[in-house]
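> I would like the atomic coordinates for the input below:
(chains A and B)
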Amino acid sequence: MAVCIAVIAKENYPLYIRSVPIQNELKFHYTVHTSLDVVEEKISAVGKAMADQRELYLGLLYPTEDYKVYGYVTNSKVKFVIVVDSSNTSLRDNEIRSMFRKLHNSFTDVMCNPFYNPGDTIQSKAFDSMVTAMMVQAS
Amino acid sequence: MAQCVQSVQEFIQDSFVPMVAVLCSEDAEKVTRKNNLNFSELLRPFCRLTSEGHMRDPNNQVQVVKNLRISVNNVVTRPSVPASGVPGHAHRRLLSEVVLTCQPAEGGVANVITAGDYDLNISATTPWFEAYRESFLQSMPASDHEFLNHYLACLLVVSSSEAVPVEKFLKLSQEQHRIQHSGEYTNPKWFIPNTLKYYVLLHDMSQGDEQRADSVYEDMKQRYGAQGCYLLKVNSRTAAAGADEQIPDPWSQYLHKSSLQSQDQYEDPAPVVVNDTAVENNVGGTSEVDGHDSEEKDGVLVNSLDNTHPLQLDTPSDPPGSLDALRAVAVETKPPPVATGMAAATSHGACLTLNDHDRIRLFIQEFTFRGLLPHIEKNIRQLNDQLVSRKGLSRSLFSATKKWFGGGKVPEKSIAELKNTSGLLYPPEAPELQIRKMADLCFLVQLYDLAYSCYHTAKKDFLSDQAMLYAAGALEMAAVSAFLQVGAPRPYPAHYMDTAIQTYRDVSMNMVLAERCALLSAEVLKSQAKYSDAATLLIKMTSEDSDLRSALLLEQAAHCFINMRNPMVRKFAFHMILAGHRFSKAGQKRHALRCYCQAMQVYKGKGWSLAEDHINFTIGRQSFTLRQPENAVTAFRHILTNDSQQTSTQQGAFLREYLYVYKVTHLQY
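Reported below is the predicted structural model:
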C-alpha cells in the first residue's frame, strides 16, 4: 500500500502526483523531486542496456527514516515513483513490482487515448481509480 | 562541502596546537596596555612560526617541524564553557554571533555550475562556516580524557621597571604552582606536573632604563639558564607620535573575536522575548544596526512562523496571526541605533614599531625552539621510556595471570578499574593515560607515525577496559594521525571515526566532541573526494538541539552533493531548503534567505508547482522581514501568476499576504 505515487515526464516535471495524507503533500513532493537525482544516477549507470522488464524496475532508491522510495523507468524515460511507509514491512519486492506493472499498464492506456496530449497532466478517471486502489486507505 | 581557504592538513594542524599559558604581573600589564592589548593578545598575530624546527624522536631521528603554530592565552581560572557535553548559553551566542557577522559579499564570486539542464549560480565558498568552525574549535573546553587542550608551558612576565624582578618572578612561579597543584581550579588544565616555566622580562623602551634591564637579564640567565628566559623590548615609540609610517595592525582580526567572548561573559542578556532565538538575536554588537532592531521584533515573528514543519505551508489559520506580526514590524518606527561600542575604532599597537614586531616574532621563535620543543622532546622521551619498561612488565604479568586462571573469562586486570560505563575514570598516573599523553605530545609536534602507534595501543587498552569515552578519543585521534602521516602507508580509517562519533553521541552524550569529530572527518573525506560519505556523515549529525549547527552542516552537505562527479542538483536544492529553515529558526535571517534563493534556482520553472510556491512564499516572508520589500513583492507575485494547484483556502491566504506586503511597500513611497 503506497503512501504516495508519482508519474514524472521525461523532462522531469510531474505528470501526476497523488499522496494520501493531504497535509503532508509538500513533503512528498520534495521527496519525489529529490529522488529523481537517484533515478538519473541509476539510468546513467546502466548505460546502453536495452528493454528488459528487469531493467525497468530500479528498486529501492533510498530509504529515509519514515519512508522507502522505489523507482521504475519506462523506455520513453517516463518515471514512476512510489513512496511506501517504512513501518509496513510486509510489503515485499514482488508486490512493488506488480504495483509498477499495473501503473505501467494504466499509463499505456492513458497514452492510447487519442484525446490525450503527451506532456499534459493525467486527468483520466480510470487512472485515478487504479491509483486509489493501490494507496493506503485514508483512515 | 564548499571549498575552504585552508587545506585539510593546515586545518587539522591548526585545530590542535600546543597551548601556552601566560601569567603577567601588573606592571607588565600596564606596559602592554599602552597599546590597548594585553600580553597574550600582543603575541597572537606572531604565533605562526615561519621557520622550521627540529626535534629528535625517541629513536634519535631528527624530524622537521614545519609551520608550527602555538596558542597563547591568559590563565583563566573560570571555565568559559561547562565541561558537560552541552554547550552553554554564552558559548552558543558567541557562535551565532560569529556566523551572523560573516555574510557573503553582495554580488560576490559565483560559480556557474552546469549539471544536466541546470545552470546554477552559486558561490563555491562558505566563509561563515569556516568562521564558525574556527571559533567552535577554539572554544572547546579542556576535558580529562584527552590532553590536547592542556597547557604545556607557562610564560611568566614581569616588567623591568619592577624594583626587585627576581622576587616578582618567584611570586608568579609560586602562583602558577598553586593554580596547578592546589586542586581548587578545574580550569585550566595542565599537561604534566612540572610545566615548563619561561621567564620573560618585559622592557619598555620609551620609559625604561636599558642598562638596568640588561643587567637584570644577565642575572636571570644565571638563575634560570639562557634557555629559560628572555628579554623582550617593546614600545619603541610613544603613542603621541603621529602616524608617519603606516604600521600594520595585525591585531584587529584577532581581537574582534576575543572581545566578543569576553563581552558575552560579562553581559547579562536582557530577556526580551519568550523564546531562545530572540535572545540569540539580541546579543550586543551586531555590525549592522538596521538588522538589529528588526531582529528584536522578529522574536515574535519567528515564533509564529517556524513552529511548522519545514516543508509545510501555513494553514489558513496561521496567516492572520503572522500578518499581525508583520504589521507590528512595519508600524514600529525605527528606534535610534543602538550603539554598542564594540566595534569602536581603537587603535592597537600604537606604540610598536616594525622593529618591535620583529622582536616579538623572534621572541616567540626563541621560546618555541629553545624552550618549548626541547621540553616536549624531553617529555616524549621520558614517557617512552616508562612505556617500554612498563610494557615489558605488564605483558608478563598479564600472561602469567591468564595462565593461572585458565581460559574463559579475562581475569580482573588490577585494582581501581571499575567495569563499564562512561563514568570510568583513570587516576592521573595510570599507564594508559601516559600512553595517551605521549601520543598527544607527538601529535602536537607533527610526529604522526609515533602518534599513530601510540593512539592505536591506547585505543586497545581503553577498549578492553570498556572506558568508552577514552576509547572514542583515541579512535578519533588515531584516524586523524593515520591521515596526516607523510607517505600515507595506510588508508584513512573512516570506520574509526564513525565508531568514535557514535560512542560520543550515544554513550557519552557529548555532542560537542561528536561535532568536532564530524567536522574533522568530513573535511578529510572531502579532500579524498568521497563526497557522498561526507554528506551522509554531516546529515547524521544534524539534530534537534542546535539549529545553527544543523543549518551549517546541512548547507555543507548540500555543497557536497553539488561537488560530486555527477552533481546531484536536486539533493543540493532540497538540503538547501532544509538548511534555510534551520537558519531562520536559529535567527540567521540573511543566511536563510540566501539558502532559499539558491534552492529556488533549481526549482524555477520546472513544473513542481507546490514546491515552487512554498519556496516563493518563504522567500517573500523572509525578504519582507529583512526590509527588502521589492523582492518580497516579486516573490509573492510569482505565486499568484502561475496556475496554482493549491487549495482555495491556501490561495486565499497567499492573496491576502501579497496584498498586505504590496500595500506596505507602496505606502512607504
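> my read is A:R97 is in a helix, agree?
Yes. A:R97 sits within a helix when classified using DSSP: H, G, I helix; E, B strand; the rest coil.
> which residues does it contact?
Contact criterion Cβ atoms under 8 Å, 6 or more residues apart in numbering or on different chains gives A:Y57 as the residues in contact with A:R97. Bear in mind the C-beta positions are built from the backbone N, C-alpha and C, glycine included.
> in the longest helix seen in chain A, what counts as buried?
If you go by DSSP state H, chain A has its longest helix at helix A:25-46. Burial within helix A:25-46, assessed by neighbour count using 16 or more other Cβ atoms under 10 Å in any protein chain shown, is assigned to A:25-40, A:43.
> now for it, which elements pack on it?
Counting contacts by 3 or more Cβ pairs under 8 Å, 6 or more residues apart in numbering or on different chains; DSSP states H and E, helix A:25-46 packs against strand A:2-8, strand A:14-19, strand A:57-63, strand A:67-73, strand A:79-85, helix B:569-585, helix B:609-625.
> run the chain-centre distance for that helix.
Using Cα atoms, centre = their mean, to the nearest Å, the mean C-alpha position of helix A:25-46 is found 10 Å from that of the whole chain.
> quick one: contacts of that helix?
Under the criterion Cβ under 8 Å, 6+ apart, residues A:3-4, A:6, A:8, A:12, A:14, A:17, A:19, A:55, A:58, A:61-62, A:64, A:67, A:69, A:71, A:73, A:77, A:79, A:81, A:83, B:116, B:309, B:311-313, B:561, B:566, B:568-571, B:573-574, B:577, B:603, B:608, B:610-611, B:614 lie in contact with helix A:25-46.
> touching, B:R637 and B:Y658? I think so.
Yes. In this structure, B:R637 is within contact of B:Y658 by Cβ atoms under 8 Å, at 6.9 Å.
> how about the residue of chain A found nearest chain B, what does it touch?
When distances are taken as Cβ to the nearest Cβ, chain A reaches nearest to chain B at A:Y13, 3.0 Å away. For A:Y13, the contact set (Cβ under 8 Å, 6+ apart) comprises B:606-608.
> ok, and the most crowded of those?
The residue in these with the most neighbours, by other Cβ atoms under 10 Å in any protein chain shown, is B:W608 (25 neighbours).
> which residues does that residue contact?
So B:W608 contacts A:13-14, A:29, A:33 (Cβ under 8 Å, 6+ apart).
> tell me the two of the residues you listed that are most distant?
For the contacts of B:W608, with distances taken as Cβ to Cβ, the pair at the greatest spread is A:Y13 and A:H29 (11.7 Å).
> quick check: residues of chain A near chain B?
Contact residues of chain A with respect to chain B, defined by Cβ under 8 Å from any Cβ of the partner chain, are listed as A:12-14, A:23-27, A:29-30, A:33-34, A:36-38, A:40-41, A:44.
> repeat that for 6 Å
A:13, A:26-27, A:29-30, A:33-34, A:36-37 (Cβ under 6 Å from any Cβ of the partner chain).
> quick check: the residue of chain B nearest chain A.
Per Cβ to the nearest Cβ, the residue of chain B with the smallest distance to chain A is B:G607, at 3.0 Å.
> all set now, cheers.
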